[in-house]
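A.B. asks: Sharing a model prediction with you, sequence too.
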Amino acid sequence: GQQLNQSPQSMFIQEGEDVSMNCTSSSIFNTWLWYKQDPGEGPVLLIALYKAGELTSNGRLTAQFGITRKDSFLNISASIPSDVGIYFCAGQSWRTGTASKLTFGTGTRLQVTL
Amino acid sequence: GAGVSQSPSNKVTEKGKDVELRCDPISGHTALYWYRQSLGQGLEFLIYFQGNSAPDKSGLPSDRFSAERTGGSVSTLTIQRTQQEDSAVYLCASSYVPARQETQYFGPGTRLLVL
């Protein structure tokens, strides 16, 4: 199945540094989502974006829905050890009253050193 | 519990055997999804249910894979004659579709190893 292009594939950063990752698609989506997955767990939703150009923050996380609707980025500011995990972007073509699948990116593995 | 639950959490089977994976969605959620995550990969859509019907089965990799949902709640994913390439984490998610903006909540997954 289709997977979105997500970069970087992995990152090793020091505590306190800012992190940036992005996701691109050949298809247009009307919703972009960012999930985090811890080992042995399912993905947990971090941020949802519903409008092209939208910039949304959730604590130290900031994400943007690209104007072309084919890309999105996620920034994490002042990283802490518990930010360790795998981050996935996901695109969705959502319509009111209809279930719709998520198309996921390939993931960014984040490791934070003290 | 309040979240999506899946069982078993781990399953080891021999090549050629059939396996059944179960998903209990969040109570009241109308949509249920199955995804597969191979080692070091992102999640790949398999099938989704809206109520008890499956409008999109396009992600099922072969006719060895099937799924059903009964009573608008529990779902079972069945893999017949398992192959080693079926080894992966199978994740289930559920959502409340009439919500203005659908959010999918994931279970912890079933880790399947085919020897």
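C.D. replies: Looks like it came in fine.

A.B. asks: what residues are up against residue 42?
C.D. replies: If you meant another chain, say so; for now it's chain A. Contact analysis of A:G42 by CB atoms under 8 Å, 6 or more residues apart in numbering or on different chains lists B:V4, B:L91, B:A93, B:F106, B:G107, B:P108, B:G109. (C-beta placed from N, C-alpha, C; glycine too.)

A.B. asks: wait, chain B
C.D. replies: Contacts of B:G42 by CB under 8 Å, 6+ apart are A:Q3, A:L4, A:Q6, A:F88, A:F104, A:G105, A:T106, A:G107.

A.B. asks: The fifth one sits in which helix or strand?
C.D. replies: What that stands for is A:F104. strand A:102-104 (DSSP states H and E).

A.B. asks: which residues sit against the next helix or strand after that strand?
C.D. replies: Sequence order places strand A:108-113 as the next helix or strand after strand A:102-104, per DSSP H and E. With contacts defined as CB under 8 Å, 6+ apart, strand A:108-113 is touched by A:6-15, A:19, A:21, A:76, A:79-81, A:83-88.

A.B. asks: Give me the pLDDT for the residue in chain A sticking out farthest from the centre.
C.D. replies: The C-alpha centroid of chain A is most remote from A:G97, which lies 24.4 Å away (CA atoms, centre = their mean). Looking at A:G97, its pLDDT stands at 72.

A.B. asks: near chain A, which residues of chain B?
C.D. replies: Counting by CB under 8 Å from any CB of the partner chain, chain B comes close to chain A at B:4, B:30-31, B:33, B:35, B:41-45, B:48-50, B:55-56, B:59, B:91, B:93, B:95, B:97-98, B:100-109.

A.B. asks: run the last query once more with 6 Å
C.D. replies: B:31, B:42-45, B:48, B:50, B:59, B:91, B:97, B:102, B:106-109 (CB under 6 Å from any CB of the partner chain).

A.B. asks: Chain B contacts on chain A?
C.D. replies: Going by CB under 6 Å from any CB, the residues of chain A near chain B are A:1, A:3, A:41-43, A:88, A:94, A:99, A:101, A:104-107.

A.B. asks: Where neighbours are concerned, which of those has the most?
C.D. replies: Using other CB atoms under 10 Å in any protein chain shown as the neighbour criterion, A:P43 leads the residues of chain A next to chain B with 29 neighbours.

A.B. asks: Off-centre distance for stretch A:103-111?
C.D. replies: Taking CA atoms, centre = their mean, to the nearest Å, one finds stretch A:103-111 lying 8 Å from the centre of the chain it belongs to.

A.B. asks: State the distance from the most centrally placed residue in chain B to B:R64.
C.D. replies: The centre of chain B sits closest to B:W34, judged by CA atoms, centre = their mean, with a distance of 3.2 Å. In this view, B:W34 and B:R64 are 14 Å apart by CB to CB, to the nearest Å.

A.B. asks: Now the element after the helix or strand of chain B with the lowest mean pLDDT, going C-ward?
C.D. replies: The least trusted helix or strand in chain B, going by mean pLDDT, DSSP states H and E, turns out to be strand B:53-56, with a mean of 90. Note on strand B:53-56: by DSSP H and E, the next helix or strand toward the C-terminus is strand B:65-69.

A.B. asks: Give the rounded mean pLDDT of the helix or strand just after that next one.
C.D. replies: Note on strand B:65-69: by DSSP H and E, the next helix or strand toward the C-terminus is strand B:75-79. Taken as a whole, strand B:75-79 carries a mean pLDDT of 98.

A.B. asks: And for strand B:75-79, what's in contact with it?
C.D. replies: Applying CB atoms under 6 Å, 6 or more residues apart in numbering or on different chains, the external contacts of strand B:75-79 come out as B:19-23, B:32, B:34, B:64-69, B:86.
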